[in-house]
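1. No sequence on hand, only this structure:
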């Protein structure tokens, strides 16, 4: 009965450890099943695996070892289909799980046989010793998976350092507890007490993981809410710009109508000499008030013209270099709007309040690539407060450059961020595909 309970606890622990490991590495579920249902599937699968391999308990022969490894790899491979991943990743994660379990079993074998002063004879091992080795190995694998999850998901975890340490205390203390000599000797003298302790360690670590997982989900929802608020504010600003552009168009139509009426009156009254000076005045007015950028691409013309007006109003020097073949632009208007709009807003916001601020915008077709380069002055007043990673700097709303990178990658290109000599630059390079 004791062996059965140990094997049951062992299968539950191995299922929970494999679930956490898969959840960490593969991440995205293929189905809409809640994670606790997937956890139950893992536990039940490993329980069935334990029942099938129960005839091999205590058998340490080479054939038995290879058979257990093969069945374990096949089980992990089947469970990997619960997640969205390519075939190569599924095979790799299945083999990695089996290798990790083998390493932990070897480590547990050394500890248990040292405590028991036990020696394997004729490829057989005592059932209790064998079960204890397997149980301890899966304890180590469970705690290892939880620690890996904390490390792997650290970008999503935004709580303070003290809160993170508190959540890390349980798996670390569990590892120290299992490796302490009194606990190992407890397995010899009072096996039932060791079983209760092992069950408690399993329960508390799973609860700790569930708590951590729920906290991550809540943090993700809160982060998405923040992004949505920022996105709404960003869209509101864009709508205001569109409204201003619409008013500008209405004004343009009104002025055009007025000029046409004037020319009509001049023709009616045969005042032909007045038409030429008035026409020159109209052209001067158009050049000074309306779009001065005319490359043939509406998105580039609109954004760069708008930037020209804003930089002029804020006393920022703007340099442009727009030399590209509009017929071979490998980006549709949607992605071009995201890339150019965010880069220009990023540069404009970075230059606000700076003395002698400069912005350089280059859109060119060079060596079979479509390149968008936006550079601006960015002087760091205090060198001690300089950011560690300029790739993560975003002067807009926290996710503008991420959208730029996503759009660049969607078009088969990439984005490079650089800061040197007080110049912050972002370059998007997209290959031009030959028709």
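-> Cool, the structure landed. All values reported here derive from a predicted model rather than from experimental measurement.
2. show me where the stretch 251-400 of the chain has strands.
-> For the stretch 251-400 of the chain, applying DSSP state E, counting those that start in this stretch gives strands covering 317-323, 358-366, 369-377.
3. looking at those strands, which is buried most?
-> Highest mean neighbour count among the strands of the stretch 251-400 of the chain (mean count of other Cβ atoms under 10 Å): strand 369-377, with a mean of 21. Every C-beta, even on glycine, is put in place using the N, C-alpha and C of the backbone.
4. Which SSE is immediately downstream of that one?
-> Using DSSP states H and E, the helix or strand that follows strand 369-377 in sequence is helix 400-410.
5. Pull the distance from that following helix to the chain's centre.
-> Here the centre of helix 400-410 is set off from its chain's centre by 12 Å, with Cα atoms, centre = their mean, to the nearest Å.
6. Buried residues of that helix, list them for me.
-> 400, 401, 403, 404, 405, 407, 408 (16 or more other Cβ atoms under 10 Å).
7. for stretch 342-359, same thing?
-> Residues of stretch 342-359 classed as buried: 342-348, 350-351, 354, 357-359 (neighbour count, 16+ other Cβ under 10 Å).
8. before we move on, what about stretch 196-208?
-> Using 16+ other Cβ under 10 Å as the test for burial, stretch 196-208 gives 197, 198, 201, 202, 205, 206, 208.
9. export those residues to JSON lines and tack on distance to residue 332 and pLDDT?
-> Output for the buried residues of stretch 196-208, formatted as JSON lines (distance: Cβ to Cβ, whole Å; pLDDT from 0 to 100):
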{"residue": "197", "distance to residue 332": "62", "pLDDT": "76"}
{"residue": "198", "distance to residue 332": "59", "pLDDT": "70"}
{"residue": "201", "distance to residue 332": "55", "pLDDT": "75"}
{"residue": "202", "distance to residue 332": "53", "pLDDT": "70"}
{"residue": "205", "distance to residue 332": "49", "pLDDT": "72"}
{"residue": "206", "distance to residue 332": "48", "pLDDT": "72"}
{"residue": "208", "distance to residue 332": "47", "pLDDT": "72"}
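10. Of the strands of the stretch 251-400 of the chain, which is nearest residue 305?
-> strand 317-323 (10.1 Å; Cβ to Cβ).
11. mean confidence for stretch 331-344?
-> Stretch 331-344 shows a mean pLDDT of 87.
12. Repeat that for stretch 347-361.
-> On average, stretch 347-361 scores 87.
13. Looking at the buried residues of helix 400-410, which two lie furthest apart in space?
-> The most widely separated members of the buried residues of helix 400-410, counting by Cβ to Cβ, are 400 and 408 (12.8 Å).
14. Okay, now stretch 308-323: how far is its last residue from its first?
-> End-to-end distance for stretch 308-323, by Cα to Cα, to the nearest Å: 17 Å.
15. Surely residue 329 touches residue 372?
-> No: checked against Cβ atoms under 8 Å, the pair residue 329 and residue 372 is beyond contact range at 10.4 Å.
16. Make JSON lines out of the strands of the stretch 251-400 of the chain and add distance to residue 95.
-> Listed next are these as JSON lines, based on distance: least, Cβ to Cβ, whole Å:
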{"stretch": "strand 317-323", "distance to residue 95": "52"}
{"stretch": "strand 358-366", "distance to residue 95": "44"}
{"stretch": "strand 369-377", "distance to residue 95": "39"}
